[in-house]
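Undergrad: Have a look; sequence and predicted model below, questions after that.
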Amino acid sequence: MGLSDIAAGIEITEQQDERGVATVDTTDASLTERLEPYEAALPCSAEEAATVLERYTAGGSVGAAGRAAGVAPVTAAKTLHLLGESVFPLGPMARDIITDYITGEISRCDALELTRASDAEFALATYIETHEPIEEACTAIEGVLAGSASPRTVRTNELLR
């Protein structure tokens, strides 16, 4: 097999096809309107939740997103969790300790000592472990969190500030 046989059928084009992630938004509803059906299950109003999402996906911290929405940073973190974002404030071993606390295998005092978490971090971690994300709400805002600014590293002490 010669080079001409290998090159047979190859075409040359003058421009390249645009490659990228296809984004399709089939809704004309605003973020607030998409969240309104789930407002009763959220720890804040749909409008506040929309503001938290917008500020967070623009690259703001959880605390900054909460302040922009006029809610406490812990409320913003709970909202993001319920909408599918991973905001667990502690490490993997601490997650196991929180689970042991929830199931009654260890006391709160022991769990706090073992995790070395602040009261706010411990409360948020317990909330996250006892509340599943709202699947329908996650579907309603699909693409919003996925399209956020590039992944970032958030230090534990930044999460609730």
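TA: Sure, I can see it.
Undergrad: Buried residues in stretch 135-145, which are they?
TA: 137-138, 140-141, 144-145 (16 or more other C-beta atoms under 10 Å). For the C-beta atoms, the positions are set from N, CA and C on the backbone; glycine is no exception.
Undergrad: So which of these sit within strands?
TA: Among the buried residues of stretch 135-145, DSSP state E puts none in strands.
Undergrad: could the residues you listed be laid out in JSON lines, adding distance to residue 123 and pLDDT?
TA: What follows is the buried residues of stretch 135-145, written out as JSON lines (distance: C-beta to C-beta, whole Å; pLDDT from 0 to 100):
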{"residue": "137", "distance to residue 123": "22", "pLDDT": "93"}
{"residue": "138", "distance to residue 123": "23", "pLDDT": "92"}
{"residue": "140", "distance to residue 123": "27", "pLDDT": "90"}
{"residue": "141", "distance to residue 123": "25", "pLDDT": "90"}
{"residue": "144", "distance to residue 123": "26", "pLDDT": "84"}
{"residue": "145", "distance to residue 123": "23", "pLDDT": "80"}
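Undergrad: SS state for the residue nearest the centre of the chain?
TA: Geometric centre of the chain, nearest residue: residue 85, 1.6 Å, by C-alpha atoms, centre = their mean. Three-state assignment for residue 85 (DSSP: H, G, I helix; E, B strand; the rest coil): coil.
Undergrad: contacting residues around the residue lying closest to it once chain neighbours are set aside?
TA: Distances taken as C-beta to C-beta, 6 or more residues apart in numbering put residue 145 closest to residue 85, at 5.4 Å, once the chain neighbours are dropped. Residue 145 makes contacts with 53, 57, 83-85, as judged by C-beta atoms under 8 Å, 6 or more residues apart in numbering.
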